[in-house]
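S.K.: structure for this input, please:
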Amino acid sequence: MNTLIASPNPDFRRHMAQALQASRWPVEEALGGADALAKMEQNQCQVLLLDQSLPDLDVMEIVGLVREQYPAVAVYVVDPESAVPVVSQEPEGRSHRAAVLSLLRSLRPANVVPPGVVRSQPPLPPLPVIPIRSAPEPVPMPAPAPVASVVPMPARAPVPTPALKEKEEEPLPGMIGSSPAMQEVYHLVRLVAHRNTTILITGDTGTGKELVARAIHLVSPRMKQPFITVNCAAIPEALLESELFGYARGAFTGAFQSKVGRIHSAHGGTLFLDEVGDLPLSMQAKLLRFLQGGEVQRLGSSDVVRVDVRVIAATNADLADRVREKTFREDLYYRLSVFPIELQTLRDRAEDIILLSLHFLREFCQEAGVPEKRISPGAQQLLKQHPWPGNIRELRHVIERAFILSEQNREILPQHITLRKRPRP
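M.R.: A predicted model of the protein is given here:
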């Protein structure tokens with residue numbers, strides 16, 4: 001049976017995967033709840049094993065979502081220290097339970113007996129089941145049985161998955177698009193916005209990573225607090241530490257007065273680390289220390305200040321590749337990518353090209369104080385056929401040039417559209 005294991009603990013995932021693979025069960029691993037939900041959308045699984053302590057989402061929320069969207073999937077919430085399932089949800093007519101419990105028992109520390117030692121007492125029974133939802137009517141308890149320590153949840157009428165997919169997400173503040181790729185982004189943002197989970201936004205240059213970060217801030221409880229942006233690639237390495245952490249008066253030559261760093265300035269709000277893949281290794285260690293402890297120490301000062309900041313990072317680089325190349329710390333990569341959100345290129349969002357074009361054209365008309373213009377069918381066809389290597393940023397520049405070239409015309413025509421070929425590497 002295809003099995004998905006979701007846990008932030010690599011040792012727990014490894015031990016579980018080894019036991020399952022020894023029984024010839026295909027296994028896939030997820031680092032957290034959001035990662036698990038994303039992988040369930042891509043690949044079908046019959047069994048989901050959840051660590052009861054996930055770093056990003058509440059485990060019971062995930063169980064409820066899986067119950068509604070994937071009613072045929074058996075779900076077990078497992079205590080990683082004892083390998084005991086504390087919650088189970090099984091579809092009717094399936095017999096996964098005995099096999100799963102047998103595998104979990106083989107991992108329990110209570111069953112590991114050193115050679116030559118005789119066990120004097122039987123292993124402790126599993127923890128009691130925690131009900132997910134109370135049943136509408138009393139359900140009689142089944143007769144005790146050796147493997148019935150985990151009781152399946154009472155069945156509830158499943159909600160068909162297609163009906164859920166038909167419901168469209170409302171666009172986020174400042175964002176345009178109705179394509180499936182953007183629907184997924186809207187869904188993930190609303191799922192995580194009210195939490196303090198660290199988010200990593202990935203995507204090519206010009207896909208709107210900062211717009212997504214601002215949208216997360218605007219729909220979160222921190223919306224009235226500061227949103228501070230740090231472009232890690234634009235600040236020289238010698239100045240980056242003082243910009244992030246601040247400095248005390250006299251900390252170095254020219255420090256005539258103390259300065260609060262950008263991390264401290266974001267207290268209560270959101271810190272957006274753009275192009276985080278370009279951080280030098282020396283700063284990666286200091287950033288990791290802050291993410292783990294939430295404390296800031298200014299240069300030249302012994303005072304340590306605790307700050308409440310939600311961190312969102314973004315990069316157009318493949319951080320996994322940089323980890324393999326030893327240019328990015330693996331521990332920082334896992335700390336930043338608790339909840340990844342990937343943005344698709346504009347060519348993969350063909351449904352959004354005209355929507356974005358009309359939006360930009362409307363903005364330029366309003367700025368110039370002229371009546372709103374249209375885009376002719378021929379011009380729209382040109383826009384749809386272009387591969388857009390520069391993504392949304394390139395599209396905005398093309399529409400701006402077309403607006404200027406159209407002069408007094410009330411319509412953007414094909415001759416107003418100037419499309420450039422991608423420069424050769």
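S.K.: now stretch 266-281: mean pLDDT?
M.R.: Mean per-residue pLDDT for stretch 266-281: 93.
S.K.: for it, buried residues please.
M.R.: 266-267, 269-279 (16 or more other Cβ atoms under 10 Å). All C-beta spots, glycine's among them, are computed from the backbone N, C-alpha and C.
S.K.: equivalent analysis for stretch 18-31, please.
M.R.: Judged by neighbour count (16+ other Cβ under 10 Å), stretch 18-31 contains these buried residues: Ala19, Leu20, Trp25, Val27, Glu28, Glu29, Ala30, Leu31.
S.K.: residues in contact with it: which ones?
M.R.: Outside of stretch 18-31, the residues that reach it under the criterion Cβ atoms under 8 Å, 6 or more residues apart in numbering are 1-8, 13, 16-17, 36, 38-39, 43, 45, 47, 55, 99, 103, 106-107, 334, 337-338.
S.K.: just curious, which of the buried residues of stretch 18-31 is nearest to Gly203?
M.R.: When these are compared for distance to Gly203 (Cβ to Cβ), Leu31 wins out at 19.3 Å.
S.K.: separation between the closest residue to Arg374 other than its chain neighbours and Arg401?
M.R.: Setting aside the residues directly before and after it, Arg374 is nearest to Glu411 in space (Cβ to Cβ, 6 or more residues apart in numbering), at 4.8 Å. Note on Glu411: its distance to Arg401, by Cβ to Cβ, to the nearest Å, is 16 Å.
S.K.: do the same with Ala6
M.R.: Distance of Ala6 to Arg401, computed by Cβ to Cβ: 48 Å.
S.K.: got the residue ranges for the strands in the stretch 201-350 of the chain?
M.R.: Listed in chain order, the strands found in the stretch 201-350 of the chain under DSSP state E, counting those that start in this stretch are 227-231, 246-247, 259-260, 270-274, 295-297, 304-306, 310-315, 339-342.
S.K.: most packed of the ones you listed?
M.R.: Per residue and on average, the most neighbours among these fall to strand 310-315, with a mean of 26 (mean count of other Cβ atoms under 10 Å).
S.K.: residues touching that strand, excluding its own?
M.R.: Applying Cβ under 8 Å, 6+ apart, the set of residues contacting strand 310-315 is 196, 198-203, 209-210, 213, 216-217, 220, 222, 269-278, 291, 336.
S.K.: strand partners (parallel or antiparallel) of it?
M.R.: Strand partners for strand 310-315, identified by DSSP bridges, are recorded as strand 199-202 (parallel), strand 270-274 (parallel).
S.K.: distance to Leu299 added to these, as CSV?
M.R.: As requested, the strands paired with strand 310-315 are exported to CSV (distance: least, Cβ to Cβ, whole Å):
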stretch, distance to Leu299
strand 199-202, 27
strand 270-274, 18
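S.K.: I'd say Glu400 and Cys365 touch.
M.R.: No - if you go by Cβ atoms under 8 Å, Glu400 and Cys365 don't touch, sitting 11.3 Å apart.
S.K.: quick check: the residue nearest to Arg374 vs Val307, distance?
M.R.: With the distance defined as Cβ to Cβ, Glu411 ends up 53 Å from Val307.
S.K.: and if you look at Val47?
M.R.: As judged by Cβ to Cβ, Val47 and Val307 stand 41 Å apart.
S.K.: who has more neighbours out of those two?
M.R.: Taking other Cβ atoms under 10 Å, Val47 and Val307 do not tie; Val47 has more neighbours (23 against 16).
S.K.: give the contact list for the more buried one.
M.R.: Neighbour list for Val47: Met1, Asn2, Thr3, Leu4, Trp25, Val73, Ala74, Val75, Tyr76, His96, Val100 [criterion: Cβ under 8 Å, 6+ apart].
S.K.: not counting its neighbours along the chain, what's nearest Ile375?
M.R.: Distances taken as Cβ to Cβ, 6+ apart place Ile412 nearest to Ile375, at 4.6 Å, with adjacent residues excluded.
S.K.: ok, the nearest residue to Leu319 once chain neighbours are set aside to Leu288 distance?
M.R.: Sequence neighbours aside, Tyr333 is the residue nearest to Leu319 in space, at 5.1 Å (criterion: Cβ to Cβ, 6+ apart). Taking Cβ to Cβ as the measure, Tyr333 and Leu288 are separated by 10 Å.
S.K.: then Leu54?
M.R.: As for Leu54, its distance to Leu288 is 21 Å (criterion: Cβ to Cβ).
S.K.: so for these two, which sits in the more crowded spot?
M.R.: In this view Leu54 and Leu288 are compared by other Cβ under 10 Å, and Leu54 has more residues nearby, 23 against 16.
S.K.: ok, His264 to Glu400 distance?
M.R.: Using Cβ to Cβ, which is the criterion applied here, His264 is 38 Å from Glu400.
S.K.: so for those two, which sits in the more crowded spot?
M.R.: Relative neighbour count places His264 above the other of His264 and Glu400, with 18 against 15, counting by other Cβ under 10 Å.
S.K.: still on that earlier bit, tell me which of the strands of the stretch 201-350 of the chain lies nearest to Arg329.
M.R.: Taking the strands of the stretch 201-350 of the chain one by one with Cβ to Cβ, strand 310-315 is closest: 13.0 Å.
S.K.: CA atoms only for that closest one, dumped as CSV, please.
M.R.: What follows is strand 310-315 as a C-alpha-only set of coordinates in CSV (Å, rounded to 0.1, in the frame of the first residue of the first chain):
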residue,chain,number,x,y,z
ARG,A,310,7.3,36.2,11.3
VAL,A,311,9.9,35.4,8.6
ILE,A,312,9.1,34.9,4.9
ALA,A,313,12.0,34.1,2.6
ALA,A,314,12.1,34.1,-1.2
THR,A,315,14.6,32.9,-3.8
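S.K.: list the buried residues for stretch 201-210?
M.R.: With burial defined by 16+ other Cβ under 10 Å, the residues of stretch 201-210 counted as buried are Ile201, Thr202, Gly203, Asp204, Gly206, Thr207, Gly208, Lys209, Glu210.
S.K.: burial check on Val52, number of neighbours?
M.R.: Not quite, residue 52 is Gln, not Val. One way to gauge burial is a neighbour count; for Gln52, by other Cβ under 10 Å, it gives 19.
S.K.: contact partners for it?
M.R.: Remark: with contacts taken as Cβ under 8 Å, 6+ apart, Gln52 is in contact with Val59, Val77, Val78, Asp79, Pro80, Val86, Val87.
S.K.: average pLDDT for the strand or helix carrying the third one?
M.R.: When secondary structure is defined using DSSP states H and E, the element that contains Val78 is strand 74-79. Averaging the model's pLDDT scores along strand 74-79 yields 86.
S.K.: stretch 27-47 now?
M.R.: Rounded mean pLDDT across stretch 27-47 is 81.
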